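> Sharing a model prediction with you, sequence too.
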Number of protein chains: 2
Amino acid sequence: MPVNQPELLPALDVPGFKVGTASCGVKSADLKGKRTDLTIIAADVNCHAAGTFTQNRLRAACVDLGEQAITDNGSNIRAIVANSGNANAGTGIREEEWAQMMIATAADSLGINSNSVLSASTGVIGTPFPIERIVEGIGEASACASGWQEAAHAIRTTDTYAKWGSKRVGDFTITGICKGSGMIHPNMATMLGFIATDAPLSQKQLQPILKRAIGKSFNSISVDGDTSTNDTVYLLSSGLALGHGQLADTDAFEAALTELCIELAQMIVRDGEGVSKFVTINIEGAASEEEARHVGRTIAISPLVKTAFAGSDANWGRIVAAAGNAGINFDPDKISLCCDDVVMMEDGSLHPDYSDEAGMLVFAQPEFSITLNLGMGEASATIWTGDLTHEYITINAEYRT
Amino acid sequence: MPVNQPELLPALDVPGFKVGTASCGVKSADLKGKRTDLTIIAADVNCHAAGTFTQNRLRAACVDLGEQAITDNGSNIRAIVANSGNANAGTGIREEEWAQMMIATAADSLGINSNSVLSASTGVIGTPFPIERIVEGIGEASACASGWQEAAHAIRTTDTYAKWGSKRVGDFTITGICKGSGMIHPNMATMLGFIATDAPLSQKQLQPILKRAIGKSFNSISVDGDTSTNDTVYLLSSGLALGHGQLADTDAFEAALTELCIELAQMIVRDGEGVSKFVTINIEGAASEEEARHVGRTIAISPLVKTAFAGSDANWGRIVAAAGNAGINFDPDKISLCCDDVVMMEDGSLHPDYSDEAGMLVFAQPEFSITLNLGMGEASATIWTGDLTHEYITINAEYRT
């Protein structure tokens, strides 16, 4: 059960984009017709595109091909084709052929060039890719218009609900969908995100804006500390909102995009595999934002911290022990810790007014925040994470069965 | 239930050392008299001492004091005093006073100087230290001679069995005890190890020998990736075996010590919290031993790899994905992977003869090995780890209850 799952407003259509889905039984042929697993996002016009990709050394072929297409042809992108149920990763030479065939099939179906198609895959690693069924599904998906919400369903793997969001800023629209609930960690977790807008931005403007927005959202969450081989966020801009004119206020666009990405990223944590608690980790007083983020991530991946969350146990010593484990320089005599408004530690010592009862009340809630001040400087960062529960073990010990 | 728990031979007495224990109810007063939780290892003569300590930035006061005593007075150490049930960590100023009082009490009881006593504590972090009960227990423990095996029981926290071992090499004896089953990760995991020998080695010889032995043993295991605030291994040498003469063969001593440390470290993994599988991870073909060890550790802490072990699921894609996540440079087209003698991947591609059935047979065993060749060089490292199970969650979500 997701933690405080938000009620989603209907996804807004984005001028210039058509979204189709199909059910082709990627994971196994019996699932054909039972759940959608293939998505095509097609644009009527050439789009400016940006992307952020997994930092895993072992990247799936579709990630390499997507990054290459954006580098070579990022002002003329026409479509994204994506499947769930198989990551098409870890199989070596054949993996690239399969990814190219998936792209070529989508290009043929839409009557566009192969180098204007981006692809993405998610699912089990190291299993041969069922390219015949994918090819069939591409034909079907390119011929229908199911819309963003159905696409958000089709890209799911272990997600318990579909994740989408839209923003209106002035005359333009931004709509995004994403998936992910395990193998989730900064530097692009096993997650896919596809965002489309009709705001007119040059390809040069899009990439740094996306990168900053991702840093504050998808790269600031952690479910289990594992980074996938396939993580990808694509952002396409059709530019149709102002008839291809110049966008005056890129700051407003960036603010809206960042807000959307944070909402989508938080949805992933709330739906994290087995997650029963949603915890906001604020690191303050760090020497740099990078160090703050690193300490926050180290706390967020500690199995002992996460099991204390799961047990509603205010065993906060594990939080400071995890921080000490981050390899970052700080003076233990200067740190302070509070959870919601309960102060555990001040200037490195147990706070005289702290009582375990007060701590336990905070940890009993489904949602709370931790604030650790390192006493080293002015920089800060926020990480969102969940707990580590029996259900996580059940989901992942039996993932392929 | 530990995995393939070894049958331990009786611990050998070491000339020059007397070991006492007491039950003082460190964790809670009700436990007084029910289980032992205080240990004193006392030497008849001044010992040469070496120690290795946690790399956690937040170190308990007893760790700082122990390191200082070895630096200042490492040729004249007379005793180790240790308790389980409370780590005496994370409480700031009072923590140091308590640690000093524990040392002073032991020194008084034994009629020796405070600067010749080392101390160690393990248990919950951030809870006031019950110094009155500890002081009582020290009096009791210093007056009795329970022996090494009883001490191995007394230092346990969540350990399900006591861990000890002895080696005879020529005329001398080495006996060691250790504890630890959670918060276990290289760089001194939540573990304590106390080793005594009557082999005559100078203090200068002891420290580098201990450091190398720890690198290949206690620093090559991982249960959950958390490094504790209190990890400590002490090695004391009474020198009585040869009447304080010079030890000729330090290589034989180092080999025996390393073997003992590996046996003790493997006992910790076999008894890891909730562990149901014992897995040996061999990283070969690395550019350096450091890189090999880092890749091995990254695989060993991946929750997805560990849950695949738990589920007896040969989902080996998670192993290579975790390796890709280590931040180490390698060419994915050159890696090979096998588990026991089943080859999954060769030169970056799925091995043509691999069948999931064969993989599943390997993963179904309680004990197996993984060998990942990075194809970059000649260096290698071995890491021992366990799986991540429901029982780990149960133990750690309810640790304080």
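Yes, it's here.

> Now do the helix or strand harbouring A:Asn396: which elements does it pack against?
In this assignment (DSSP states H and E), A:Asn396 forms part of helix A:390-397. Secondary-structure packing of helix A:390-397 (3 or more C-beta pairs under 8 Å, 6 or more residues apart in numbering or on different chains; DSSP states H and E): helix B:303-310, helix B:390-397. All C-beta spots, glycine's among them, are computed from the backbone N, C-alpha and C.

> ok, and what's touching the last one?
This points to helix B:390-397. A:303-304, A:307-308, A:310-311, A:313, A:388-390, A:392-394, B:158, B:182, B:224, B:273-276 (C-beta atoms under 8 Å, 6 or more residues apart in numbering or on different chains).

> pLDDT of it, averaged?
Average pLDDT, helix B:390-397: 85.

> circling back to that earlier point, dump the helices and strands packed on helix A:390-397 into CSV; add mean neighbour count as well.
Formatted as CSV, those follow (neighbours: other C-beta atoms under 10 Å in any protein chain shown):
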stretch, mean neighbour count
helix B:303-310, 27
helix B:390-397, 21
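
> In TSV: the ones you listed, plus distance to A:Ala99.
Output for the helices and strands packed on helix A:390-397, formatted as TSV (distance: least, C-beta to C-beta, whole Å):
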stretch	distance to A:Ala99
helix B:303-310	23
helix B:390-397	37
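
> Ok, which of those helices comes nearest A:Thr258?
For A:Thr258, the closest of the helices and strands packed on helix A:390-397 is helix B:303-310, at 28.8 Å, according to C-beta to C-beta.

> Show the subsequent helix or strand relative to that closest one.
helix B:317-324.

> so how far is that following helix from its chain's centroid?
Offset of helix B:317-324 from its chain centre (C-alpha atoms, centre = their mean, to the nearest Å): 26 Å.

> packing partners for that helix?
The elements that helix B:317-324 packs onto, with contact taken as 3+ C-beta pairs under 8 Å, 6+ apart, are helix B:289-301, helix B:303-310, strand B:367-373.

> Mean confidence (pLDDT) on that helix, please.
Per-residue pLDDT over helix B:317-324 has a mean of 90.

> same for the helix or strand that it is followed by, what does it pack against?
Per DSSP H and E, the first helix or strand lying C-terminal to helix B:317-324 is strand B:336-339. Under the contact definition 3+ C-beta pairs under 8 Å, 6+ apart, strand B:336-339 sits against strand B:342-346, helix B:356-363, strand B:367-373.

> Leaving out sequence neighbours, find the closest residue to A:Ala49.
Closest residue in space to A:Ala49, ignoring its immediate chain neighbours: A:Ile77 at 3.9 Å, by C-beta to C-beta, 6 or more residues apart in numbering or on different chains.

> so what's the one you found bridging to?
A:Cys47 (DSSP bridges).

> follow-up on the earlier one: what is the orientation angle of the helix holding A:Asn396 with helix A:303-310?
Here helix A:390-397 runs at an angle of 130 degrees relative to helix A:303-310 (axes from the mean of the first three to the mean of the last three C-alpha atoms, to 10 degrees).

> now helix A:390-397 against helix B:317-324, angle please.
Helix A:390-397 and helix B:317-324 are oriented at 100 degrees to each other (the same axes, to 10 degrees).

> burial count for the nearest residue to A:Pro130 once chain neighbours are set aside?
Spatial nearest neighbour of A:Pro130, chain neighbours left out: A:Val26 (6.0 Å); criterion: C-beta to C-beta, 6+ apart. Residues within reach of A:Val26, counting by other C-beta atoms under 10 Å in any protein chain shown, total 26.

> does A:Val26 really touch A:Ile134, like I thought?
Yes - using C-beta atoms under 8 Å, A:Val26 is in contact with A:Ile134, at 6.5 Å.

> Residues that sit against both of these two, list them.
Counting by C-beta under 8 Å, 6+ apart, the contacts common to A:Val26 and A:Ile134 are A:38, A:83.

> where's A:Thr229, which helix or strand?
Using DSSP H and E, A:Thr229 falls outside every helix and strand.

> Report the contact partners of the residue lying closest to it once chain neighbours are set aside.
Among residues not flanking A:Thr229 along the chain, A:Ala89 sits closest, at 4.4 Å (C-beta to C-beta, 6+ apart). If you count contacts by C-beta under 8 Å, 6+ apart, A:Ala89 has them with A:58-61, A:95, A:121, A:125-126, A:229-230, B:317, B:321.

> So which of those residues sits lowest on pLDDT?
Ranked by pLDDT, those bottom out at A:Thr229, which scores 76.

> so who does that residue touch?
Contacts for A:Thr229 (C-beta under 8 Å, 6+ apart) come out as A:54, A:56, A:58-60, A:63, A:87, A:89-90, A:125, B:321, B:324.

> That one and A:Ser217: what is the separation?
Distance of A:Thr229 to A:Ser217, given as C-beta to C-beta, to the nearest Å: 21 Å.

> Ok, A:Glu367 next?
Counting by C-beta to C-beta, the gap from A:Glu367 to A:Ser217 is 18 Å.

> who has more neighbours, these two?
More neighbours surround A:Ser217 than the other of A:Glu367 and A:Ser217, with 24 against 12 (other C-beta under 10 Å).

> Which SSE is immediately downstream of the least confident helix or strand in chain A by mean pLDDT?
Least confident helix or strand of chain A, by mean pLDDT, DSSP states H and E, is strand A:221-222 with a mean of 82. With elements assigned by DSSP H and E, the helix or strand that comes after strand A:221-222 is strand A:232-237.

> So what touches that following strand?
Here strand A:232-237 makes contact (C-beta under 8 Å, 6+ apart) with A:17, A:41, A:43, A:47-54, A:62-63, A:66, A:77, A:80, A:118, A:120, A:178, A:188, A:191-201, A:206, A:210, A:214, A:218, A:257.

> Wait, A:Leu260 touches A:Gly176, no?
Yes - at 5.4 Å, A:Leu260 counts as touching A:Gly176 under the criterion of C-beta under 8 Å.

> Find residues that contact each of these two.
Common neighbours of A:Leu260 and A:Gly176 are listed as A:165-166, A:195 (criterion: C-beta under 8 Å, 6+ apart).

> rewinding a little: okay, now the sheet partners of the least confident helix or strand of chain A, with direction.
Pairing partners of strand A:221-222, with direction, according to DSSP bridges: strand A:379-386 (parallel).
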